[in-house]
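Engineer: Show me the folded form of this:
(one chain, ligands or ions: 1)
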Amino acid sequence: MTLYDQFNNDGYLILKDFYTEDQCDAVMNRGLELSNSFNFDGHPSVFQTNEQTRTSDDYFLNSGNNISYFFEKDAFDESGKLKNDLFHSLNKIGHALHDLDPVFEKFSRSPQLKALATELRLDNYVIIQSMLILKHAKIGGIVDVHQDATFLYTEPNSCIGFWFALEDATIENGCLWAKPGGHNTTLRSWFKRKPSGGTEMHIFDNEPLSMDDMIPLEVKKGTCIVLHGFLPHYSLPNTSGKSRQAYSIHTIDSQLKYPAANWLQRDLSVLKGF
Ligand SMILES: O=C(O)CCC(=O)C(=O)O
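Structural biologist: Residues are numbered from 1 along each chain as shown. Purely as a prediction, here's the structure:
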């Protein structure tokens with residue numbers, strides 16, 4: 001079976017040894033450097049939990065065009081002070097790393113990815129979002145079950161995610177979970193801007209995403225997992241002593257309608273592919 005057929009059959013692909021250890025280390029080191037340069041003034045507006053409970057403040061809504069920092073929900077003590085050092089308090093960094101930082105740009109636009117995009121027939125695809133997901137030991141939080149197209153909605157759907165294990169991902173440290181063929185379902189919801197300001201979850205279909213038959217996608221450092229935009233997936237909290245960093249980019253077909261109500265607004269005319 002070709003990769004194209006396998007992807008459309010299963011809703012995901014697992015590509016081992018996609019990147020080398022050195023390539024993974026380069027982006028992890030850069031993530032640490034960026035975190036150290038983050039001037040956190042203690043303002044609560046940067047406090048975030050996970051994708052399902054994003055607040056609607058300007059910091060979040062503007063993060064599509066920036067390098068922005070989001071904290072773990074348990075990062076602060078009762079008096080509002082960080083319990084750990086800054087880096088180990090962060091949940092993720094996003095959402096324009098691939099366009100604004102040369103190290104992340106190199107990782108996001110590589111000959112390997114270009115070849116993969118050709119094989120998957122993603123001719124008109126552009127990278128619209130990127131995230132360094134830190135999932136630190138002991139504190140890295142849950143990512144609730146979701147479909148990526150909820151957050152990057154086009155008509156018709158075109159969202160495809162590329163998730164890279166920067167470290168080994170196991171059941172213990174919070175690997176991804178998904179079900180082969182799980183993308184053969186409807187899109188349940190659309191996370192969008194409200195005309196009056198802020199955001200809301202628009203429900204298309206109340207049927208909860210099924211968690212039945214989900215399997216752990218345990219993968220080695222350097223693996224790329226390609227995710228269909230309708231594929232329900234999640235990751236559990238990292239309760240282990242080992243961190244589980246990952247980097248993900250999300251892509252859409254630039255020829256399709258990208259509504260102005262999507263939470264993430266970029267100038268689509270300047271977005272680039274691989
Ligand atoms: O890395 C994780 O734990 C979740 C990532 C995810 O859901 C995504 O990139 O779409």
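
Engineer: which of the residues in stretch 121-132 are buried?
Structural biologist: Buried residues in stretch 121-132, defined by neighbour count with 16 or more other C-beta atoms under 10 Å: 122, 125, 126, 127, 128, 129, 130, 131, 132. Every residue, glycine included, has its C-beta placed from N, CA and C.

Engineer: before we move on, what about stretch 98-108?
Structural biologist: For stretch 98-108, burial by neighbour count (16+ other C-beta under 10 Å) applies to 98, 99, 101, 103, 104, 105, 107, 108.

Engineer: Make JSON lines from these and add distance to the ligand to it.
Structural biologist: Formatted as JSON lines, the buried residues of stretch 98-108 follow (distance: C-beta to the nearest ligand atom, whole Å):
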{"residue": "98", "distance to the ligand": "13"}
{"residue": "99", "distance to the ligand": "17"}
{"residue": "101", "distance to the ligand": "18"}
{"residue": "103", "distance to the ligand": "19"}
{"residue": "104", "distance to the ligand": "15"}
{"residue": "105", "distance to the ligand": "18"}
{"residue": "107", "distance to the ligand": "15"}
{"residue": "108", "distance to the ligand": "13"}
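
Engineer: Among the residues you listed, which are located in helices?
Structural biologist: By the criterion of DSSP state H, membership of these in helices covers 98, 99, 103, 104, 105, 107, 108.

Engineer: tell me the contacts of the fourth one?
Structural biologist: Pointing back at residue 104 there. Residues near residue 104 by C-beta atoms under 8 Å, 6 or more residues apart in numbering: 27, 30, 97, 98, 130, 132, 247.

Engineer: Just give the number of residues close to residue 167.
Structural biologist: 20 (other C-beta atoms under 10 Å).

Engineer: any idea which element it lies in?
Structural biologist: Per DSSP states H and E, residue 167 falls between elements, in no helix or strand.

Engineer: Check it and give its pLDDT.
Structural biologist: Reported pLDDT at residue 167 in the predicted model: 98.

Engineer: and it, what does it touch?
Structural biologist: Residue 167 touches 24, 28, 173, 221, 242, 243, 244, 245, 246, counting by C-beta under 8 Å, 6+ apart.

Engineer: hang on, the second one in a helix?
Structural biologist: In this case it means residue 28. Yes: the assignment for residue 28 by DSSP: H, G, I helix; E, B strand; the rest coil puts it in a helix.

Engineer: Distance-wise, check it relative to residue 87.
Structural biologist: Separation of residue 28 from residue 87 (C-beta to C-beta, to the nearest Å) stands at 11 Å.

Engineer: which of these two has more neighbours?
Structural biologist: residue 28 (19 against 16).

Engineer: The lowest-mean-pLDDT helix or strand in the chain: which residues count as buried?
Structural biologist: None of the helices or strands of the chain scores lower by mean pLDDT, DSSP states H and E than helix 58-61, at a mean of 84. Of all the residues in helix 58-61, those buried under the rule 16+ other C-beta under 10 Å are 59, 60, 61.

Engineer: And that helix, how far out from the chain middle?
Structural biologist: Helix 58-61 sits 17 Å away from the centroid of its parent chain (C-alpha atoms, centre = their mean, to the nearest Å).

Engineer: Also stretch 27-34?
Structural biologist: On the basis of C-alpha atoms, centre = their mean, stretch 27-34 is displaced by 17 Å from the centre of the chain it belongs to.
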